[in-house]
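**Q** Here is my input; please provide its structure:
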Amino acid sequence: MEKKYFDLHLHPLFKNFLSHYDVAIPPTTRTLEELTQPVRMSNALTSVVDELFIHILKSQSSIQQCKKGSVNYAVAAIVNLEFGFADSRGFFGNILKSKFSNPLDKIYFEKVRNGEVSYYRLMLMELSLYKKLRDDKESNITILSRNNTKIASENGLNIILSLEGSHNFSKLMIGNPLKIDFIEDQFTDSTKTKKLSQTADNLWKEMIVDIENGEDPTANYNQNPAANLEKFYKSLSREKMDLLYITLTHLTHINEQFLATHAFGMKMLKHPSFYPFGNGITTLGYEVIEKCYSMTNHKEEYRPIILDVKHLGLKSRQDFYAFRKSLIEKEKKYENIPIIASHIGVTGYTNNEWKNALKRNNCTVYNYEGARAVSIEMDKKNCGKWGSFVNNDFTFNPWSINLMDEDITEILNSNGILGMSLDVRILGFQSEYGISLTSENEFLSTADFHTHFPQIAVKNLPINTMESIISENESWLIPTKEDRHPLSFYFNIIHIIQVGLLKTDIEEPWKQICLGSDFDGLIEPLKISPDISSLEELEANMIKWLPVAEKAYVNENGGTRILFGKSTTDLKKIVRGIMFENGKIFIEKWLNNFGC
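**A** Modelled structure (predicted):
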């Protein structure tokens, strides 16, 4: 019997989407074959540098690859090109915007850089491609939704939609917070019908007339994020589509719609927006969370949207847990809505352990084009030892984009699920090329730094400029002596299991773990799993190495040895759960609204 697989976070159309700019929404002029096949990311020009970074661009999850790899459930995250990526500097940024990265359509980069489009429009453009897949009978794809009666395909590909970054529903022109991107399409439910042929100038004139008549000129183009999300979701449900989860942030600070401080997570690209800003969740962010928990579809049927804590800064995550508790006190049914972390690694620390791991003498304040952030570096926590007596220590990645033990317990206790990233940089093993910088620092906003380290005065820290980082040698191109061994992945899984066993009443925490590969999200994948079609090899490898990782972890950190004594049959069942069953059960609960 052919094995089936589940992935909580991947981008099956993202590179296909960026390969051709569609002027109209809809329809796309692309064929089914163009939408579903892998994108060839290299050519004669790139062959010279293929081993440096093209393997990152090749870590794909196209529809064809999903089917080849027997993926039965795939949560497709819609994410659009952020200004920081389009306007990035440094070696990798220049590659993305050059002929080296064919076939990426440079029109996307130009329109985002020049502020000619909104994030909302870009989101609708990608979403329309999924609608085309759903409506094309030859695609053999089911898009699951609580807003229709179509059941999951037993052996075909079932796609569930999510939004990565709440900037997706910002209708403001990128870089221009005073100008609205007027757009009408099948997903927009406007009470004031506009013709597609009308220009933005005509619409502005109509708004002036509204003002003269004493009416609210933006009544039909509300820029409140929670209102925009609700309007979008209701129109989405009319199309019998749905959302499993959203993240409040992604990898950059979004001026147009600031909802929460994001966690630093990008060193390959250089731009001020990559550095965290603010101090946790904003008032607008709280409104979006409350709207997600109270969401109804166009028939006013209850349809809560899950919050994904991925990309939230540590202070933002703490704010969310506290706010969630206050919402539950007001409305008991909200307790049934789980928390998820869709594509993560772990720090190996509790909050206090992480704070105590700070290398105080390595803290520096950086200023760059209006961005001000504090560079911090942490001692890494050992996962365990494996291999020869030389260079045999494995460590977690202590960046705060990864989960603390308190995050893990919050998610497990909420009956949520944790999707394990396949990005070696997130998992903590020193990358062969990607994150191996001369220093291993991350960044916090100055406000967040003061929150976590109030005993350290920011004004007394040494000051440097971001230009110094940009002018450094591209040290991430220098190979290390280490290999990207899959044990890093398994150590992260073992830590979650151990935290669950020791700090919760959950007897089988491994049942709340699944894959969240982030394929097509610029990851540097494990060598044994370079793209989504290779999950069967990953499963076989997991059966072999999970007990080894557990033994090494317990020897290093203590804990309970559970997997090492399991029979091969029991171990295979646990691994099968992580690779498929746990995710399938979670989606079935979602389709039934978690009993709300």
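**Q** So S62 versus I107, what's the distance?
**A** 21 Å (Cβ to Cβ, to the nearest Å). C-beta here means a position set from N, CA and C on the backbone, and glycine is covered the same way.
**Q** Which of those two has more residues huddled nearby?
**A** S62 (25 against 15; other Cβ atoms under 10 Å).
**Q** ok, now how distant is that one from D87?
**A** Counting by Cβ to Cβ, the gap from S62 to D87 is 27 Å.
**Q** What is the three-state secondary structure of F6?
**A** strand (DSSP: H, G, I helix; E, B strand; the rest coil).
**Q** ok, and the closest non-adjacent residue to it?
**A** G583 (3.2 Å; Cβ to Cβ, 6 or more residues apart in numbering).
**Q** show me what contacts that neighbour?
**A** 6-8, 73, 417, 514-515 (Cβ atoms under 8 Å, 6 or more residues apart in numbering).
**Q** Report the buried members of the residues you listed.
**A** 6-8, 73, 417, 514-515 (16 or more other Cβ atoms under 10 Å).
**Q** Would you reformat those residues as a markdown table and include distance to V575 and pLDDT?
**A** Putting these into a markdown table (distance: Cβ to Cβ, whole Å; pLDDT from 0 to 100) gives the following:
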| residue | distance to V575 | pLDDT |
| --- | --- | --- |
| F6 | 13 | 98 |
| D7 | 15 | 98 |
| L8 | 16 | 98 |
| Y73 | 17 | 98 |
| I417 | 16 | 98 |
| C514 | 11 | 98 |
| L515 | 11 | 98 |
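**Q** can you tell me which of the residues you listed lies nearest to Y233?
**A** Taking Cβ to Cβ as the measure, Y233 sits nearest to L8 out of these, at 20.3 Å.
**Q** Quick check: the closest one vs L161, distance?
**A** Distance, L8 to L161, using Cβ to Cβ: 13 Å.
**Q** Now the common contact residues for those two.
**A** Shared contacts of L8 and L161 (Cβ under 8 Å, 6+ apart): V75.
**Q** Am I right that L161 is in a strand?
**A** Yes: under three-state DSSP, L161 sits within a strand.
**Q** Report the beta-bridge partner residues of it.
**A** Beta-bridge pairing for L161 (DSSP bridges): A76.
**Q** Next, count neighbours for it.
**A** Counted with other Cβ under 10 Å, L161 comes out at 19.
**Q** Skip ahead from the lowest-mean-pLDDT helix or strand in the chain and say which helix or strand is next.
**A** Lowest by mean pLDDT, DSSP states H and E among the helices and strands of the chain is helix 200-212, with a mean of 45. Using DSSP states H and E, the helix or strand that follows helix 200-212 in sequence is helix 225-238.
**Q** How about residues contacting the helix or strand following that following helix?
**A** Once helix 225-238 ends, the next helix or strand along the chain (criterion: DSSP H and E) is strand 245-247. The contact list for strand 245-247 (Cβ under 8 Å, 6+ apart) reads 75, 162-166, 168, 229, 288, 292, 305-312, 340, 342.
**Q** Report the buried members of these.
**A** Buried among the contacts of strand 245-247 by 16+ other Cβ under 10 Å: 75, 162-166, 168, 229, 288, 292, 305-312, 340, 342.
**Q** In strands, which of those residues appear?
**A** 75, 162-164, 306-308, 340, 342 (DSSP state E).
**Q** Any chance of CSV for those residues, columns distance to T283?
**A** Shown next, in CSV, are those (distance: Cβ to Cβ, whole Å):
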residue, distance to T283
V75, 29
S162, 24
L163, 20
E164, 22
I306, 21
L307, 16
D308, 20
I340, 24
S342, 25
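**Q** Whichever helix or strand V548 is part of - contacts with which helices or strands?
**A** Under the criterion of DSSP H and E, V548 resides in helix 535-557. In terms of contacts (3 or more Cβ pairs under 8 Å, 6 or more residues apart in numbering; DSSP states H and E), helix 535-557 is packed against strand 5-10, strand 382-385, helix 487-503, helix 568-576.
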